[in-house]
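Undergrad: model this:
(2 chains)
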2 protein chains.
Amino acid sequence: MKDKIIGMLRQKDGYVSGEDISNVLGVSRTAVWKTINTLRDEEYIIDSSSRKGYKLIESPDVLSQVEIEPYLSTKYIGRNIIYYDTLDSTNNKARDMAIEGAEEGLVVIAEEQTKGRGRLGRVWTTPKLSSAAFSIAVRPSIKPEDASGLTLIMGDAVCRAIRKVTGLNAKIKWPNDIIVNGKKVCGILTEMNAEIERINYIVLGVGININVDKFPEDIKHIATSLNLELGKLVSRKEIVAEVFNEFEMLYDDFKENGLKNIMDEFKSFSVTLGKKVRVISINEEFEGEAIDITDDGLLVVKLEDGSTRNVISGDVSVRGISGYAE
Amino acid sequence: MKDKIIGMLRQKDGYVSGEDISNVLGVSRTAVWKTINTLRDEEYIIDSSSRKGYKLIESPDVLSQVEIEPYLSTKYIGRNIIYYDTLDSTNNKARDMAIEGAEEGLVVIAEEQTKGRGRLGRVWTTPKLSSAAFSIAVRPSIKPEDASGLTLIMGDAVCRAIRKVTGLNAKIKWPNDIIVNGKKVCGILTEMNAEIERINYIVLGVGININVDKFPEDIKHIATSLNLELGKLVSRKEIVAEVFNEFEMLYDDFKENGLKNIMDEFKSFSVTLGKKVRVISINEEFEGEAIDITDDGLLVVKLEDGSTRNVISGDVSVRGISGYAE
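TA: Numbering: from 1, shown residues only, chains lettered A, B, ... in the order given. I've put the predicted structure just below:
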């Protein structure tokens, strides 16, 4: 009911009468009045006049369905948002819902994560109301070995969204970090559940530092936020909605055509290509120059002896970016 | 306490006094007596004599930890068995326990599955007390694209176990069916949860038709049991324990060396090689002759035009086996 009332108030610039709301929604005027008060508790500023009714003055900067929806142009990504004030991990919740049969495009958003995870089990902090942490569940008909492509298109979507909303020159550190001015603003954690030949589901977790105004001493040389780089607050809901919009376009194309249509853009967004890199994978560690990204999304690294290696994933440090010492 | 009492009774051929049991376990003689009665309810046949104490005459054919343990030679596979009389799906339970942090080698066994799953979401029936349905959770440090090797080594382990316990000429229909006399006795369902570059956990689900004496009309031409092929009942706990024993050996080797040490044996167990096959994968369907299995476990199929294709997985029908019409 809260969503519906906000929706009605949004549709009109002026006042909406309590009687209209109660008629449209089929509830009593007392119920309308109680819900308006609940919304005020949630920091919606709603003016009321005994003659004219209710008018929405200001919405809080929260990442709920009703706040994000006005910015969405998608068909299915983000059309079903499960919203939490606080949650252990959006990836865990999205995984649980995927196990229970969640449809493609389900989004879990939390204003705060208490056990947010980055890649390889690392901690990812989501400070309340100043970041965005969300996870999208999808079920593409692709082979498990092609799942890494989804990390790349999500990175591309985040880059596009940041560029569009803030004008900042967002870049991608292959495979899954988004960089602004040499520091990380966003990480992506892709987790899949698969049989050998088919994906059951994939959860794409995204954490973006949006209005975080301070980072701990030990990471402030490698981490930043859109706010710090831009010098002003950024609308979190616009960023998140734009990520959904861009992701859906890229994902629809990916399901049909793989990565080939975005590779030019992806390479142009890359901070990795042409740089010296150090690759740390499960069984080995080596250095070389990142010279290309294949149409399958693999990083091509040229070693000192002139041979090349295609890297599927792993930790890649780029000289000069995020703390790979010169 | 039940496990400990059975353990004590097993250690001795003759009678064990109630007093000894109560002293060793630090419980009252009444508690011992009550537990003995519970065990009798579970179809343990235990003789009691007021002078001599208790003697284990016969154990039921159940797949509990205490029944399987005497046959185990493993270090960690099957040393922690979670046993259920009935369960929706052992793979689902093992997955949930893996999410909660279960150690490598945890086994979930159910005497009956109500929602047992085969590959690609198909139904797998586990009739009570006449089959074996279990799932093993493992966490190998391998890349997700190498996970299909685990299906192959589990198939090899099941083949070895059936051969050892029954003498039947068990074969493997690549990648994951075990065949006796042209019919299926066992299926394997491998499910993994992974980030792009590392496995979080893998659950290997195994269903073996052991003493099933009748199959429904619609599948009896493609399914059989060890009992039907051998003409006598087979010890379920011995089969299951042997699968664990063989699997642990093969798995330890796989983690070090990949598949290369078992490929000769694996090929010799294959009913697929040299046969005409039809391959149905996500996006295509084709026929050819299965001519080899690579060291990575891929099936090499030679097409009519002389070209070859390496198949990672998918549905493979073999002419003459399990209902691929001649």
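Undergrad: please count neighbours and contacts with C-alpha atoms only from this point.
TA: Will do.
Undergrad: need the three-state assignment for residue A:247.
TA: At residue A:247 the chain is in helix, as set by DSSP: H, G, I helix; E, B strand; the rest coil.
Undergrad: for it, which residues are in contact?
TA: Neighbouring residues of residue A:247 by Cα atoms under 8 Å, 6 or more residues apart in numbering or on different chains: A:153-154, A:156-158.
Undergrad: contacting chain B as well, which ones from these?
TA: Among the contacts of residue A:247, not one lies near chain B by Cα under 8 Å from any Cα of the partner chain.
Undergrad: from those residues, pick the one nearest residue B:101.
TA: Among those, residue A:154 lies closest to residue B:101 (Cα to Cα), at 28.4 Å.
Undergrad: quick check: which helices or strands does the helix or strand where the closest one lies pack against?
TA: Taking DSSP states H and E as the definition, residue A:154 sits inside helix A:148-166. The contact analysis (3 or more Cα pairs under 8 Å, 6 or more residues apart in numbering or on different chains; DSSP states H and E) places helix A:148-166 against strand A:171-173, strand A:177-180, strand A:183-195, strand A:199-209, helix A:236-257.
Undergrad: any chance of these in JSON lines with mean pLDDT as columns?
TA: As requested, the helices and strands packed on helix A:148-166 are exported to JSON lines (pLDDT from 0 to 100):
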{"stretch": "strand A:171-173", "mean pLDDT": "94"}
{"stretch": "strand A:177-180", "mean pLDDT": "94"}
{"stretch": "strand A:183-195", "mean pLDDT": "92"}
{"stretch": "strand A:199-209", "mean pLDDT": "94"}
{"stretch": "helix A:236-257", "mean pLDDT": "96"}
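Undergrad: tell me the confidence at residue A:282?
TA: pLDDT for residue A:282: 65.
Undergrad: near chain B, which residues of the stretch 101-250 of chain A?
TA: Residues of the stretch 101-250 of chain A lying close to chain B (Cα under 8 Å from any Cα) are A:119-120, A:141-145, A:147-148, A:189-198.
Undergrad: sorry, back to before: the helices and strands packed on helix A:148-166: which one's closest to residue B:63?
TA: Short answer: strand A:183-195, nearest of the helices and strands packed on helix A:148-166 by Cα to Cα, at 26.4 Å.
Undergrad: can I get that closest one in PDB, CA atoms only?
TA: The C-alpha trace of strand A:183-195 is given here as PDB (Å, rounded to 0.1, in the frame of the first residue of the first chain):
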ATOM      1  CA  LYS A 183      41.200   4.200  -7.200                       C
ATOM      2  CA  LYS A 184      38.500   1.600  -6.800                       C
ATOM      3  CA  VAL A 185      34.800   2.700  -6.500                       C
ATOM      4  CA  CYS A 186      33.100  -0.600  -7.300                       C
ATOM      5  CA  GLY A 187      33.700  -4.300  -7.000                       C
ATOM      6  CA  ILE A 188      31.700  -7.100  -8.600                       C
ATOM      7  CA  LEU A 189      31.300 -10.600  -7.200                       C
ATOM      8  CA  THR A 190      29.900 -13.200  -9.600                       C
ATOM      9  CA  GLU A 191      28.800 -16.500  -8.100                       C
ATOM     10  CA  MET A 192      27.300 -19.400 -10.000                       C
ATOM     11  CA  ASN A 193      25.600 -22.600  -9.200                       C
ATOM     12  CA  ALA A 194      25.900 -25.000 -12.100                       C
ATOM     13  CA  GLU A 195      25.700 -28.600 -13.100                       C
END
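Undergrad: quick one, strands of chain A?
TA: Assignment of strands within chain A using DSSP state E yields the ranges A:45-49, A:53-58, A:81-87, A:106-113, A:131-138, A:171-173, A:177-180, A:183-195, A:199-209, A:276-280, A:285-293, A:299-302, A:308-311, A:315-318.
Undergrad: including mean neighbour count, could those go into CSV?
TA: Below are the strands of chain A laid out as CSV (neighbours: other Cα atoms under 10 Å in any protein chain shown):
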stretch, mean neighbour count
strand A:45-49, 16
strand A:53-58, 17
strand A:81-87, 17
strand A:106-113, 25
strand A:131-138, 26
strand A:171-173, 25
strand A:177-180, 24
strand A:183-195, 24
strand A:199-209, 25
strand A:276-280, 19
strand A:285-293, 18
strand A:299-302, 22
strand A:308-311, 16
strand A:315-318, 22
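Undergrad: I'm done for today, thanks for sticking with me.
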